[in-house]
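Asks: What follows is a predicted protein model with its sequence.
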Amino acid sequence: MILEAQKKPLVFKKVAIPEPADDEVQIKIKACGICRTDLHVMDADLTSPKLPLIMGHEITGRVTKIGKAVSGLQVDDFVGVPWLGYTCGKCKFCKRGQENLCDYARFTGYTINGGYAEYTVANARFCFKLDGKYDDPSSAPLMCAGLIGFRSYHMISTSAKNIGLYGFGAAAHIITQVAVAQGKKIFAFTRDGDTRSQEFAKKMGAAWAGGSGENPPEKLDAAIIFAAAGELVPKTLQDVDKGGEVICGGIHMSGIPAFSYDLLWGERMIKSVANLTRQDGLDFFDILKDVPVKTQTQFFKPEQANEALDMFRSGKITGAAVLVME
Ligand SMILES: [Zn+2]
Ligand SMILES: [Zn+2]
């Protein structure tokens, strides 16, 4: 499924199976999750995709060929391919362990081809070798919703007990399960009146769920905003207690309205999360050994990608949408 131009539907096309370069592996894709970032790429909120482009950065699949210089992966290994597709290893960010901020980073399904296809190639160093238990297509959303959700959650101090999640989709439903298992109390905020998502949040373990216009029943220690709505920032600052942390987990957000300094006063903090590091992935999959996260997914055939994206855009997907290739 090819994005030939932004603001246009994807085009179903037969293209050559990509051959791996020396440092790459070729992967027969099992499944690829649909992420909100894909909508931002398609709708031109993100302005510099490679074109034409194969979107998709929540890929799971099996290695079918390996490049000459690849070590650590073999044909038949089951792997996951995340958003972070390449970093330089040399810039100041890479050197200080912040490869997520690399000046020369490349991103799967944005500046390099991704997973809305039967095959892809990926730099072997940025693939996660996965346990056979992730073979189920419902695991694909772990590769971004899970990883970015986890990085956002990880940014909160461990002492935070009451955590608000604003926007209850793919990332929030995964991270709720992890947080609840670690003894946190989750407060889920959805669009006002979206009772279906509120019920879903409670089913996933949230202690409370309500509309984003509502006040939580208790002050929050921290909040993660997954929704792309900038007006949530002042509201969230109002919901967190002194010393509270507000993490913006999305790659794009609408403008943040001006707000009174009183809302930030009391050592409240606002921080964004950008991309992921490979270490985030290792830490996340390590935690999943103890916390069996179950994703709620809706499956689509690859040629139904436009339909799935439209449903996602209009809030009709509960949990995560996944394209299943085989
Ligand atoms: Zn994503
Ligand atoms: Zn770098």
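Replies: Received, thanks. Ligands and ions are numbered 1, 2, ... in the order given.

Asks: From now on I want contacts and neighbour counts done on CA atoms only, so please keep to that.
Replies: Will do.

Asks: Give me every residue in the stretch 51-200 of the chain lying close to ligand 1.
Replies: residue 144 (CA under 5 Å from the ion).

Asks: hey, where'd the helices end up in the stretch 51-200 of the chain?
Replies: Taking DSSP state H, counting those that start in this stretch, the helices of the stretch 51-200 of the chain run over residues 92-95, 145-154, 170-181, 195-203.

Asks: following the last one, which helix or strand comes up?
Replies: Following the chain from helix 195-203 toward its C-terminal end, the next helix or strand by DSSP states H and E is strand 208-211.

Asks: Does residue 256 touch residue 235 like I think?
Replies: No: Residue 256 lies out of contact with residue 235 (CA atoms under 8 Å); the separation is 10.6 Å.

Asks: among the helices of the stretch 51-200 of the chain, which is nearest ligand 2?
Replies: Comparing the helices of the stretch 51-200 of the chain by their distance to ligand 2 (CA to the ion), the top pick is helix 92-95, with 4.3 Å.

Asks: Show me what counts as buried in that closest one.
Replies: 93-94 (16 or more other CA atoms under 10 Å).

Asks: likewise stretch 233-249?
Replies: Buried residues in stretch 233-249 (16+ other CA under 10 Å): 233-242, 244-249.

Asks: What is the most widely separated pair among these?
Replies: The most widely separated members of the buried residues of stretch 233-249, counting by CA to CA, are 242 and 249 (20.8 Å).

Asks: any idea how far residue 244 is from the residue located most distally from the centre of the chain?
Replies: Distance from the C-alpha centroid of the chain, by CA atoms, centre = their mean, peaks at residue 262 (31.9 Å). For residue 262, the distance to residue 244 equals 13 Å [CA to CA, to the nearest Å].

Asks: ok, what's across the strand from residue 222?
Replies: residue 163, residue 245 (DSSP bridges).

Asks: which residues does it contact?
Replies: 156, 160, 162-164, 240-241, 244-247 (CA atoms under 8 Å, 6 or more residues apart in numbering).

Asks: at 6 Å instead, please
Replies: 163, 244-246 (CA atoms under 6 Å, 6 or more residues apart in numbering).

Asks: Please enumerate the strands of the stretch 1-150 of the chain.
Replies: 2-3, 24-33, 53-54, 59-66, 78-81, 84-86, 106-107, 119-123, 128-129 (DSSP state E, counting those that start in this stretch).

Asks: Can you tell me which of those strands is nearest to ligand 2?
Replies: Short answer: strand 84-86, nearest of those by CA to the ion, at 8.8 Å.

Asks: The closest one vs ligand 2: in contact?
Replies: No: judged by CA under 5 Å from the ion, strand 84-86 stays clear of ligand 2, getting no closer than 8.8 Å.

Asks: rewinding a little: ok, the contacts of residue 222 vs residue 227, which is closest?
Replies: Taking CA to CA as the measure, residue 227 lies nearest residue 246 of those, at 12.8 Å.

Asks: Pass me the low-pLDDT residue ranges in the stretch 151-300 of the chain, would you?
Replies: Within the stretch 151-300 of the chain, no stretch has pLDDT under 70.

Asks: Contact residues of it facing ligand 2?
Replies: Proximity of the stretch 151-300 of the chain to ligand 2 (CA under 5 Å from the ion) involves no residue at all.

Asks: Now for the closest residue to residue 12 other than its chain neighbours: which residues touch it?
Replies: Distance criterion CA to CA, 6 or more residues apart in numbering; nearest residue to residue 12, sequence neighbours excluded, is residue 1 at 4.7 Å. Residues in contact with residue 1, defined by CA under 6 Å, 6+ apart, are 10-12, 116.

Asks: Going by neighbour count, which of those residues comes out on top?
Replies: Of all the contacts of residue 1, the most densely surrounded is residue 116 (32 neighbours; neighbours counted as other CA atoms under 10 Å).

Asks: pretty sure that residue is in contact with residue 59, am I right?
Replies: No: assessed by CA atoms under 6 Å, residue 116 is found out of contact with residue 59, at 8.6 Å.

Asks: Any idea how many residues pack against residue 72?
Replies: Neighbours of residue 72 under the rule other CA under 10 Å: 8.

Asks: what does residue 187 give?
Replies: 24.

Asks: Look up the residues forming beta bridges with it.
Replies: Residue 187 has these beta-bridge partners by DSSP bridges: residue 164, residue 208.

Asks: Assess the claim that it and residue 166 are in contact.
Replies: No: Residue 187 is beyond contact range of residue 166, at 8.5 Å (criterion: CA under 6 Å).

Asks: Any idea how far apart the tips of stretch 135-143 sit?
Replies: 13 Å.

Asks: Compute the mean per-residue pLDDT across that stretch, please.
Replies: Confidence for stretch 135-143, expressed as mean pLDDT, is 96.

Asks: All set, thanks.
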